[in-house]
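In: dropping a prediction and its sequence here:
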Amino acid sequence: MNAIETKQLTKCFGALTAVDALDLTVREGELFSLLGVNGAGKTTTIKMLSGLLKPTEGTALVLGHDLLTELNAIKPYVGVSPQETAVAPNLTVRENLELIAGIYGSDRSRVQRMLDELGLQKAEKIKAKRLSGGWQRRLSIAMALVSDPKLLFLDEPTLGLDVLARRELWKVIEGLKGKVTVILTTHYMEEAEQLSDRVGVMNGGSLKLTGTPKELMETAGTESFEEAFVRLAGGETA
Amino acid sequence: MKRTFCFAKRNLKEMVRDPISVGFGIVLPITLLVLLTIINSNIPKEAQENMFAIRLLAPGIGVFGLSFIALFAALLLAKDRGSSFMLRLYTSPMTGGNFILGYTLPLLPMGVVQLVFCFAAAIALGLPFSANLLVCILVCLPIMVVDIAIGLICGTCLNEKAVGGLCGALLTNVTAWLSGCWFSLDLLGDGFRKFAYMLPFANAVDAAHAAVDGSYADIPGKLWVVCVWAVGLMALAVVLFTHKKKLK
């Protein structure tokens, strides 16, 4: 079964078309990365698929439900970690997780599990605003996972993190493969290559092509994934 | 309901962990109470002026102090709206009603705490303690809801900077002038008086006075106006929040 099937999904902001007739299919359990330069339409796509923005045209089936007419049936099964760290600053790590678990009606044991799985135990009594950027990101992802979602949106989850913190988060994300469908946006090519089952390259609101990292390198005729991205996203020919 | 309580618990923690705001809401009404009582004690007895008598002043200042609740509500909501944390909550199954009730519930006990401190100070300044004070706190619940709803409407429609000005300065002044909390509205003329009694604040002060005096029969005639405003403004807050939250 497909976790996501978009049909001509389009979002316009006035005269600007941020996402243009997107046809995208993401399979269940797949880790799919959306790549593109700034303004390519990645975040707008995620915002539409997570119910934060209304499509101007087109629609999507998310977990088998229509995005436009059955959003309430989709929401309980979707986790989102927005681009900016989305935590309640005056709550502790544990309280943040308990809040989200309570809102989604999740089992309280999930809180302890997230603390354990994401290595947050030693920070559980610290207020979120006192955490470093890396730990806040980690908490933000834990909050997206505590509801045991079937579909997880990670919008640039490692943005601004140092290389060690990024590698640690990669391990967490890799651990999700096969269990949760993950849609990831990132500017880091190494991250996309390492983590993704498939990637989609967006440019100017359109999906240029999809495939495994290896397939994209073959299409672009390059040895490195970053070079492939530059050619495909930038419109250069091989 | 579970979602609402979880969110209300979070909001209570956010407020309690910001002691400056809580302290401001408690200290300012008490300061006013003390200052006006000092003024009252310096008015010559032959003037026969009882405007600042503690029996009248305490319920009035109590109602006035509750206008700070609007400021708390507005600031909390406006701050949340500007954060990614709210984006996360918008993707959750929470409804507009869950949000508004979740903001309202923790503010009610905060309003009660404010009134308890206000009346405790009034007792220290000479107000006789009686069960009527407890009734007065109950009578003040609808005006608390009015203030919370106004705060939530402002927090829904305005940004953090704007609500500080609107709720912090304008609303507290409007409450002061239109409630007759420390002066008689008769002093401002019949037209102003009529206008003030179309709004909830003066009716709430009168109901609070009646409660403190033990004139319970006079309470419903004033309180129904406050209740109508409370229900109307709260409904408006839910509608506006839901509209803002809706997919754009």
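Out: Looks like it arrived, so ask away.

In: what's the spacing between B:Val205 and chain A?
Out: 34 Å (C-beta to the nearest C-beta, to the nearest Å). The way it works is simple: take the backbone N, C-alpha and C, and place the C-beta from them, glycine included.

In: what about that residue, how many residues nearby?
Out: As a burial measure, B:Val205 scores 29 neighbours (other C-beta atoms under 10 Å in any protein chain shown).

In: need the contact list for it.
Out: B:Pro59, B:Gly60, B:Val63, B:Ser179, B:Gly180, B:Cys181 (C-beta atoms under 8 Å, 6 or more residues apart in numbering or on different chains).

In: got the residues of chain A near chain B?
Out: Residues of chain A lying close to chain B by C-beta under 8 Å from any C-beta of the partner chain are A:50-54, A:71-72, A:75-76, A:78, A:80-91, A:95, A:98-100, A:102-105, A:143-144.

In: try it again at 7 Å.
Out: A:50-54, A:72, A:75-76, A:78, A:80, A:82, A:84-88, A:90-91, A:95, A:99, A:102-105, A:143 (C-beta under 7 Å from any C-beta of the partner chain).

In: look at the residue nearest the centre of chain B and report its pLDDT.
Out: In chain B, the residue lying closest to the centroid (C-alpha atoms, centre = their mean) is B:Leu66, at 2.7 Å. With respect to pLDDT, B:Leu66 scores 87.

In: how far away is it from B:Ile143?
Out: Distance, B:Leu66 to B:Ile143, using C-beta to C-beta, to the nearest Å: 6 Å.

In: and the helix or strand B:Ala208 falls within, what's buried?
Out: Counting by DSSP states H and E, the element that carries B:Ala208 is helix B:200-213. Across helix B:200-213, burial judged by 16 or more other C-beta atoms under 10 Å in any protein chain shown covers B:200-212.

In: for stretch B:147-164, same thing?
Out: Using 16+ other C-beta under 10 Å as the test for burial, stretch B:147-164 gives B:147-158, B:160, B:163-164.

In: ok, and what's touching that stretch?
Out: B:66-67, B:69-79, B:82, B:100, B:103-104, B:107, B:166-167, B:171, B:230, B:233-234, B:236-237, B:240-241, B:244 (C-beta atoms under 7 Å, 6 or more residues apart in numbering or on different chains).

In: A:Phe229 contacts A:Met189, doesn't it?
Out: Yes: the criterion here is C-beta atoms under 7 Å, and A:Phe229 meets it with A:Met189 at 5.5 Å.

In: more neighbours: these two, which one.
Out: Taking other C-beta under 10 Å, A:Phe229 and A:Met189 do not tie; A:Phe229 has more neighbours (24 against 19).

In: so the more buried one lies in a strand, does it not?
Out: No: A:Phe229: not assigned to a strand; according to DSSP: H, G, I helix; E, B strand; the rest coil it is helix.

In: what helix or strand does residue 164 sit in?
Out: Since you didn't name a chain, this refers to chain A. Assigned by DSSP H and E, A:Leu164 falls in helix A:163-174.

In: my bad, chain B
Out: If you go by DSSP H and E, B:Gly164 is part of helix B:160-165.

In: mean confidence for that helix?
Out: pLDDT averaged over helix B:160-165 gives 81.

In: look up the closest residue to B:Asp18, ignoring the ones flanking it.
Out: Leaving aside its sequence neighbours, B:Asp18 sits nearest to A:Asn90 (C-beta to C-beta, 6 or more residues apart in numbering or on different chains; 7.3 Å).

In: ok, so what distance separates the one you found from A:Thr25?
Out: Taking C-beta to C-beta, one finds A:Asn90 at 41 Å from A:Thr25.

In: okay, now the unreliable bits of chain A?
Out: A:235-238 (pLDDT under 70).

In: B:Asp186: how many residues sit nearby?
Out: 10.

In: which residues touch it?
Out: Shown in contact with B:Asp186 (C-beta under 7 Å, 6+ apart): B:Arg193.

In: phi first, then psi, for it.
Out: B:Asp186 adopts backbone torsions of phi -60, psi -30, taken as degrees, to the nearest 10.

In: just checking, B:Gly180 touches B:Phe201?
Out: No: using C-beta under 7 Å, B:Gly180 is not in contact with B:Phe201, being 8.1 Å away.

In: who in chain B is up against chain A?
Out: Residues of chain B lying close to chain A (C-beta under 7 Å from any C-beta) are B:2-3, B:6-7, B:10, B:13-14, B:17, B:84-85, B:87-88, B:90-94, B:247-248.

In: now with 8 Å?
Out: Counting by C-beta under 8 Å from any C-beta, chain B sits next to chain A at B:2-3, B:5-7, B:9-10, B:13-14, B:17-18, B:83-85, B:87-94, B:246-248.

In: in what helix or strand does residue 219 lie?
Out: The chain I'm using is chain A. helix A:213-220.

In: switch to chain B, that's the one I care about
Out: Using DSSP H and E, B:Ile219 falls in helix B:219-245.

In: elements contacting that helix?
Out: Under the contact criterion of 3 or more C-beta pairs under 8 Å, 6 or more residues apart in numbering or on different chains; DSSP states H and E, helix B:219-245 touches helix B:96-124, helix B:141-157, helix B:200-213.

In: next, format these as a markdown table and append distance to A:Trp170.
Out: A markdown table is the format used below for the helices and strands packed on helix B:219-245 (distance: least, C-beta to C-beta, whole Å):
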| stretch | distance to A:Trp170 |
| --- | --- |
| helix B:96-124 | 35 |
| helix B:141-157 | 39 |
| helix B:200-213 | 57 |
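
In: got a list of what the residue nearest the centre of chain A touches?
Out: The C-alpha lying nearest the average C-alpha coordinate of chain A belongs to A:Leu154 (C-alpha atoms, centre = their mean; 2.4 Å). Taking C-beta under 8 Å, 6+ apart, we find A:Leu154 in contact with A:Ser81, A:Ile141, A:Ala144, A:Ile173, A:Val182, A:Ile183, A:Leu184, A:Thr185.

In: let's go with 6 Å and repeat that
Out: A:Ser81, A:Leu184 (C-beta atoms under 6 Å, 6 or more residues apart in numbering or on different chains).
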